[in-house]
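Chemist: quick one: sequence and predicted model below, then my questions.
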Amino acid sequence: MEIVSILMGLVIYIAPIIILYFIIQLAVRKGIDNSEAGRAIIEKHYEKSSMDNNKK
């Protein structure tokens, strides 16, 4: 029974951390996508990847 309570305690602490990770990841991605700097970086990356594909 003690093992079950330890596992439940771990789940109670780990689950919110995982949920927060995904929420923060989505918020940062949305923030970068909506910023001018983020758009410039994405555009530069797209141009570089398309140039690399054309070389092959």
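Modeler: Yes, it's here. Residues are numbered from 1 along each chain as shown.
Chemist: name the helices or strands packed onto the host helix or strand of Met51?
Modeler: If you go by DSSP states H and E, Met51 is part of helix 36-55. Identification of packing neighbours for helix 36-55 by 3 or more CB pairs under 8 Å, 6 or more residues apart in numbering; DSSP states H and E yields helix 2-34. Every residue, glycine included, has its C-beta placed from N, CA and C.
Chemist: list the contacts of the helix holding Met51.
Modeler: Applying CB atoms under 8 Å, 6 or more residues apart in numbering, the external contacts of helix 36-55 come out as Gly31, Ile32, Asp33.
Chemist: 10 Å instead?
Modeler: Helix 36-55 is contacted by residues Val28, Arg29, Lys30, Gly31, Ile32, Asp33, Ser35 when judged by CB atoms under 10 Å, 6 or more residues apart in numbering.
Chemist: same question for stretch 22-32.
Modeler: For stretch 22-32, with CB under 10 Å, 6+ apart as the criterion, the contacting residues are Gly38, Arg39, Ile41, Ile42.
Chemist: burial count for Val28?
Modeler: The local packing count at Val28 equals 11, with neighbours defined by other CB atoms under 10 Å.
Chemist: let me redo that: Leu7
Modeler: Taking other CB under 10 Å as the neighbour definition, Leu7 ends up with a count of 10.
Chemist: please tell me how far Glu2 sits from Met8.
Modeler: For Glu2, the distance to Met8 under the criterion CB to CB, to the nearest Å works out to 11 Å.
Chemist: and these two? Which one has more around it.
Modeler: Just comparing Glu2 and Met8: by other CB under 10 Å the higher neighbour count belongs to Met8, 10 against 6.
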